[in-house]
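Trainee: structure for this input, please:
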Amino acid sequence: MAGEANQSDLILRQARQSLSNQRAGGRRAGSIGRRSAALKREHAFRKLVRVLLAVAGVIFAAMVAGLVLDGIGWTGVIVTMLAIVVAAGVFSSFPKMKVPTLESLGQGDTRSLVGRTEMWLESQRPALPAPAVRLVDQIGLQLDALGQQLDGLDEAAPAAREVRKLVGEHLPGLVSTYTSIPRHLRGEANGGASPDQRLTESLGKISGEIDSVTRQLASGAIDNLAIQTRFLDYKYGGALDDAAKVD
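Mentor: Residues are numbered from 1 along each chain as shown. Down below sits the predicted model:
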């Protein structure tokens with residue numbers, strides 16, 4: 001019975017997370033966050049543009065050849081079609097999207113750090129134990145929320161430096177240290193806990209810290225909203241009440 005209850009709880013959590021994803025606009029399959037999904041869409045769009053330009057170039061070359069040679073004949077048409085297929089295949093496959101390296105995560109501005117870290121974590125998921133994978137997916141949602149707060153944050157602010165350390169150094173450093181351990185040793189207890197257990201516990205702590213930082217960054221906006229609400233209530237509350245009574 002306990003096992004069935006745990007399974008039911010897991011299904012409910014996954015259903016709630018799926019509903020949350022849909023309400024947030026959805027995430028691309030394989031992406032743990034909207035920012036990494038956006039990076040992938042941008043890359044796919046650039047490849048599409050290159051494919052269209054390549055196809056247009058082949059067609060233009062065929063037209064020029066037809067004008068110069070007074071027609072290209074069936075052979076020319078077949079060659080042109082083959083050239084279009086080859087060009088579309090090559091430019092739709094290359095260049096491959098590069099996954100950020102551990103060393104490059106700290107480069108660039110803090111705002112783009114979230115998307116790059118999400119992509120890096122996605123590449124590490126296959127090497128992680130199931131409980132850690134669930135936490136990584138949760139962290140992806142949290143990083144999306146954190147990214148919204150970073151959009152309006154000064155790069156020189158102390159909070160920005162703290163986020164850079166947490167998201168760009170501590171989180172990937174933890175996962176990288178775990179994946180450097182041979183697979184057959186990750187489940188063995190050492191000093192009271194296995195590397196799998198320590199990774200899961202540490203990811204839980206980082207998840208809590210990301211949530212705390214997000215709340216701290218959002219506290220200013222929350223306070224401003226409360227002030228504006230009180231002001232509107234003071235300025236227009238009575239008028240609204242009178243209008244409601246008249247209705």
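
Trainee: who touches the residue of the chain most remote from its centre in this structure?
Mentor: In the chain, the residue that sits farthest from the middle, by CA atoms, centre = their mean, is Asp70; the gap is 53.2 Å. If you count contacts by CB atoms under 8 Å, 6 or more residues apart in numbering, Asp70 has none. The C-beta positions use only the backbone N, C-alpha and C, and glycine is treated the same way.

Trainee: Ser92 and Val49 touch, don't they?
Mentor: No - using CB atoms under 8 Å as the test, Ser92 is too far from Val49 to be in contact (11.1 Å).

Trainee: and Gly187, what are its phi and psi?
Mentor: In terms of degrees, to the nearest 10, the main-chain angles of Gly187 are phi -100, psi 0.

Trainee: what pLDDT does it get?
Mentor: For Gly187, the pLDDT comes out at 95.

Trainee: quick one: contacts for it?
Mentor: Gly187 neighbours (CB under 8 Å, 6+ apart): Pro129, Ser194, Pro195, Asp196.

Trainee: next, count neighbours for the second one.
Mentor: By other CB atoms under 10 Å, 17 other residues sit near Ser194.

Trainee: before we move on, what about the third one?
Mentor: For Pro195, the neighbour count with other CB under 10 Å is 20.

Trainee: same check, this time on the last one
Mentor: A count of nearby residues for Asp196, using other CB under 10 Å, gives 19.

Trainee: distance from the host helix or strand of it to the middle of the chain?
Mentor: Using DSSP states H and E, Asp196 maps to helix 195-246. With CA atoms, centre = their mean, to the nearest Å as the basis, helix 195-246 stands 23 Å off its chain's centre.

Trainee: quick check, distance from stretch 134-150 to the centre of its chain.
Mentor: 8 Å.

Trainee: in the protein, which spans are helices?
Mentor: With DSSP state H, the ranges of helices along the chain come out as 2-23, 34-69, 73-93, 110-124, 130-150, 158-165, 171-179, 195-246.

Trainee: give me the angle between the longest one and helix 130-150.
Mentor: In this case it means helix 195-246. Helix 195-246 runs at 50 degrees relative to helix 130-150, counting by axes from the mean of the first three to the mean of the last three CA atoms, to 10 degrees.

Trainee: pLDDT of helix 195-246, averaged?
Mentor: pLDDT averaged over helix 195-246 gives 81.

Trainee: any stretches of the protein with poor pLDDT?
Mentor: For the chain, residues meeting the criterion pLDDT under 70 lie at 1-29, 223, 231, 237-247.

Trainee: run the last query once more with 50
Mentor: Along the chain, the parts satisfying pLDDT under 50 run over 1-26, 240.

Trainee: tell me how far Gly71 lies from Ile84.
Mentor: Using CB to CB, to the nearest Å, we find Gly71 at a distance of 18 Å from Ile84.

Trainee: same check on Arg215?
Mentor: 54 Å.

Trainee: related to what we said a few turns ago, Gly71 and Ile84: which is more packed in?
Mentor: Using other CB under 10 Å as the criterion, Gly71 and Ile84 rank with Ile84 on top: 18 against 11.

Trainee: now do the contacts for the more buried one.
Mentor: The neighbours of Ile84, taking CB under 8 Å, 6+ apart as the test, are Val55, Val58, Ile59.

Trainee: which ChimeraX command selects the buried ones in these?
Mentor: Entered in ChimeraX, the line below selects the buried ones among the contacts of Ile84, by 16 or more other CB atoms under 10 Å:
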select :55,58
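
Trainee: nearest to Ile206 among the contacts of Ile84?
Mentor: Nearest to Ile206 among the contacts of Ile84, counting by CB to CB, is Val55 at 46.2 Å.
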